[in-house]
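>>> I'd like to go over a predicted model; first the sequence, then the structure.
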Amino acid sequence: MVCRGCRCGTPKVTGVDHAAQTARLRSLVPVRVSECLDVCEQANVIVVQPSAEGRAAGARPVWFGLVNDPDATEDIAASARAGGPGVAPLPDILDL
């Protein structure tokens, strides 16, 4: 899920091509767009839901804030493609 509300996805977060970020994520993984996830101070926000396998392992959704770098976007998508929370380990850089 990608937030595109109050600050996320708007010119308020400068230097980020929000449309390109959303399009890139959509080219890699299924994406839902949310109007606002209510953590505007952490813009841009991406939430990765666990797969059925991850949920069976007890995983919960993982929230990422300040996703304003194309490399972070790629790392998040790679982790989701590898099975997501509860299945695939997070890249160290995303564990901040």
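That came through, no problem. These figures come from a predicted structure and were not determined experimentally.
>>> the strands in this structure, which residues?
2-3, 33-34, 46-48, 62-64 (DSSP state E).
>>> tell me the most buried of these?
Highest mean neighbour count among the strands of the chain (mean count of other CB atoms under 10 Å): strand 2-3, with a mean of 24. For glycine as for every other residue, the C-beta is placed from the backbone atoms N, C-alpha and C.
>>> please work out which residues outside it touch it.
Residues outside strand 2-3 that contact it (CB atoms under 8 Å, 6 or more residues apart in numbering) are 8-9, 21-22, 25, 31-34, 36-37, 39, 43-47.
>>> how does it look with 7 Å?
By CB atoms under 7 Å, 6 or more residues apart in numbering, the residues outside strand 2-3 that reach it are 9, 22, 25, 31, 33-34, 36-37, 44-46.
>>> so the one residue sitting closest to the centre of the chain bridges to which residues?
Taking CA atoms, centre = their mean, the centroid of the chain lies closest to Ile46, which sits 2.7 Å from it. In this entry, Ile46 is beta-bridged to Val2, Phe64, by DSSP bridges.
>>> doesn't Val67 make contact with it?
Yes. Contact between Ile46 and Val67 holds when scored by CB atoms under 7 Å: they sit 5.1 Å apart.
>>> and the buried ones among the contacts of strand 2-3, selectable in ChimeraX?
Restricted to buried positions by 16 or more other CB atoms under 10 Å, the ChimeraX selection for the contacts of strand 2-3 reads:
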select :9,22,25,31,34,37,44,45,46
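>>> what's the closest of the contacts of strand 2-3 to Ile93?
Ile93 lies nearest to Ile46 out of the contacts of strand 2-3, by CB to CB, at 14.1 Å.
>>> residue contacts, that closest one?
Counting by CB under 7 Å, 6+ apart, Ile46 has contacts 2, 64, 67, 76.
>>> quick check: it vs Asp92, distance?
18 Å (CB to CB, to the nearest Å).
>>> just Gly15 next, same as before
24 Å.
>>> and for Ala23, the neighbour number?
Neighbours of Ala23 under the rule other CB atoms under 10 Å: 12.
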